[in-house]
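> Please find the sequence and the predicted model below.
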Amino acid sequence: MAKVVIVRLSEFVNVFRNYKIFIDGLERNIVPNNASVELDLESGTHFIQLKIDWCTSNEIEFEIAENETKYFQVEAAKWASLLMFYYITFGRKSFLKLSRLV
């Protein structure tokens with residue numbers, strides 16, 4: 001079985017809030033502040049995205065092989081605490097930043 005690990009570093013913004021993990025459009029789990037979550041997946045092509053309320057991260061398409069582990073990191077946008085109004089309105093699709101870890 002393939003695995004995906006999502007890492008969320010400690011951050012002031014949303015410190016008491018969980019991010020929802022969506023894989024292939026389905027909610028699979030949550031990741032709390034300063035934590036990591038490991039999910040089992042079937043091998044193949046998948047899409048991953050995280051959400052909090054109506055704000056989202058970028059969506060990443062990835063391919064994973066049997067017994068392979070892929071790592072991702074999620075964090076709030078760098079200026080989210082200062083530009084909150086922008087990020088909860090016009091910038092809602094870039095409030096969270098999702099990236100691959102090598």
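Thanks, I have it. Numbering: from 1, shown residues only.
> pLDDT weak spots in the chain?
For the chain, applying pLDDT under 70 flags the ranges 79-89, 91.
> That one: helices as residue ranges?
For the chain, the helices defined by DSSP state H cover 84-88.
> Walking through it, point out its strands one by one.
2-8, 19-23, 26-31, 35-41, 44-52, 55-56, 60-64, 69-76, 96-101 (DSSP state E).
> Which one of these lies nearest to residue 90?
Among those, strand 55-56 comes nearest to residue 90, with 11.2 Å by Cβ to Cβ. In this view, the C-beta of every residue, glycine as well, is placed from N, C-alpha and C.
> Okay, now the sheet partners of that closest one, with direction.
strand 44-52 (antiparallel) (DSSP bridges).
> Pick out the residue nearest the middle of the chain.
In the chain, the residue lying closest to the centroid (Cα atoms, centre = their mean) is residue 50, at 3.7 Å.
> who does that residue bridge with?
In this entry, residue 50 is beta-bridged to residue 21, by DSSP bridges.
> what's near enough to touch it?
Residue 50 sits next to 6, 19-22, 31, 56-57, 74, 96, 98 when contact means Cβ atoms under 8 Å, 6 or more residues apart in numbering.
> distance of the residue nearest to residue 71 when sequence neighbours are not counted from residue 54?
Spatial nearest neighbour of residue 71, excluding adjacent residues (Cβ to Cβ, 6 or more residues apart in numbering): residue 101 at 3.9 Å. For residue 101, the distance to residue 54 (Cβ to Cβ, to the nearest Å) stands at 27 Å.
> With residue 64 instead?
Distance of residue 64 to residue 54, given as Cβ to Cβ: 29 Å.
> quick one: which of the two has more around it?
The residue with more neighbours, out of residue 64 and residue 54, is residue 64; 17 against 10, by other Cβ atoms under 10 Å.
> Touching, the more buried one and residue 23? I think so.
No - Residue 64 is beyond contact range of residue 23, at 10.5 Å (criterion: Cβ atoms under 8 Å).
> From the contacts of residue 50, list the buried ones, please.
Neighbour-count burial (16 or more other Cβ atoms under 10 Å) applied to these gives 6, 19, 21-22, 31, 56-57, 74, 96, 98.
> Need these in TSV (columns: distance to residue 45).
Formatted as TSV, the buried ones among the contacts of residue 50 follow (distance: Cβ to Cβ, whole Å):
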residue	distance to residue 45
6	18
19	23
21	17
22	15
31	22
56	20
57	18
74	20
96	22
98	17
